[in-house]
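Student: with the input below, show me the fold.
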Amino acid sequence: MHATFRLNHIEMTIHSKLLRAALAAATICAAALPCAPLHAQPDPPGTQPGSIVISGAVPDEATKAALLGRLQELYGAGKVVDQISVGGVVAPSNWEVQVPRLMTQNLKSISKGQLVVEGTSVALRGEVGSEAVRQAIASDLAGALTPSYVVKNGLRISAATQAALDRVLGSRVIEFEAGSALITDSGKAILDEMADVLKKTNPQKVEVIGHTDNVGLGTRNLALSRARADSVKTYLVAKGIAPVSIATSGMGADQPVVPNTTEEGRRRNRRIEFRVSQ
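Tutor: Numbering: from 1, shown residues only. This is a model prediction of the structure:
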């Protein structure tokens, strides 16, 4: 059984300003059937940037529907190009349930990657922006599959742009006026440096993530963290960074880097994180 999942995602470009990650799943062989080797194929003519091309053979319409449904749920129906054929192959028991579970949001963080399912063996390779993302994907895979599957995580951390941003930010914190999303002058100075790095490295996508300390209501902290991330994006866009290259999110007080038991600890937790998504 042979199925290929190719993601030409705007966050994953390597050539001609089009990010590309090939996520291939799966190669499964039945004893009485020949097993086609898995090869990366050229994108079909007319394929639009940001589309997900699915090709290969599956045993029945139900399996095809499960795979297509999961990808359409994840990326949107308009981005999924169906090139799956039906019949002539046999899958392991419950395969049509197991494989869609591998398709999580975190897979979109992989660049130059490939996911191969061969029988009950799963191999994943490619590049991610941080160790935290690599571990999150490994956790997703482990949680998605039954113990009969063996997973090999070959993901590498793409250090170039992420390291450059981390180096510039260092141990500094982008500060805001108390209880607001207004960036202080010292915060703007740091963002000026970050903007310079973004212009030089030109990542296709960087996520700006806001965090707060644990003082106050959780709902307010969550809203404030999002507002601060949005303020950072607005500032960077004003400095010449393309709006489409910046995503924003807020975590509130849920991900402290140190305990909130001291004023210095709370100050460090009120931070902006930059995460490159290839």
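
Student: contacts and neighbour counts: CA atoms only from here.
Tutor: Noted.

Student: surely Val117 meets Leu102?
Tutor: No: assessed by C-alpha atoms under 8 Å, Val117 is found out of contact with Leu102, at 9.9 Å.

Student: ranges for the strands of this structure?
Tutor: 3-7, 13-15, 18-19, 21-22, 52-58, 80-86, 111-118, 121-128, 150-157, 206-210, 246-250, 272-276 (DSSP state E).

Student: longest helix anywhere in this protein?
Tutor: In the chain, assigned by DSSP state H, the helix with the most residues is helix 218-238.

Student: what residues of it count as buried?
Tutor: 221-233, 235-237 (16 or more other C-alpha atoms under 10 Å).

Student: and the angle for it with strand 272-276?
Tutor: Put simply, helix 218-238 runs at 60 degrees to strand 272-276, going by axes from the mean of the first three to the mean of the last three C-alpha atoms, to 10 degrees.

Student: show the pLDDT at Met1.
Tutor: pLDDT, the model's per-residue confidence, is 44 for Met1.

Student: low-confidence ranges in this structure?
Tutor: 1-51, 112-113, 119, 129-131, 157-159, 277-278 (pLDDT under 70).

Student: can we see that at 50?
Tutor: Under the criterion pLDDT under 50, the flagged ranges of the chain are 1-43, 278.

Student: centre-most residue in it?
Tutor: Geometric centre of the chain, nearest residue: Ser109, 2.2 Å, by C-alpha atoms, centre = their mean.

Student: so Leu115 touches Leu124, yeah?
Tutor: Yes: under the criterion of C-alpha under 8 Å, Leu115 makes contact with Leu124 at 4.5 Å.

Student: thinking again about what came up before, reformat the strands of the chain as JSON lines; add mean neighbour count.
Tutor: Converted to JSON lines, those look like this (neighbours: other C-alpha atoms under 10 Å):
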{"stretch": "strand 3-7", "mean neighbour count": "26"}
{"stretch": "strand 13-15", "mean neighbour count": "15"}
{"stretch": "strand 18-19", "mean neighbour count": "18"}
{"stretch": "strand 21-22", "mean neighbour count": "26"}
{"stretch": "strand 52-58", "mean neighbour count": "23"}
{"stretch": "strand 80-86", "mean neighbour count": "17"}
{"stretch": "strand 111-118", "mean neighbour count": "23"}
{"stretch": "strand 121-128", "mean neighbour count": "21"}
{"stretch": "strand 150-157", "mean neighbour count": "17"}
{"stretch": "strand 206-210", "mean neighbour count": "23"}
{"stretch": "strand 246-250", "mean neighbour count": "20"}
{"stretch": "strand 272-276", "mean neighbour count": "21"}
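
Student: could you dump those to CSV with distance to Ile137?
Tutor: Converted to CSV, the strands of the chain look like this (distance: least, C-alpha to C-alpha, whole Å):
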stretch, distance to Ile137
strand 3-7, 16
strand 13-15, 20
strand 18-19, 20
strand 21-22, 15
strand 52-58, 19
strand 80-86, 22
strand 111-118, 12
strand 121-128, 10
strand 150-157, 9
strand 206-210, 17
strand 246-250, 19
strand 272-276, 15
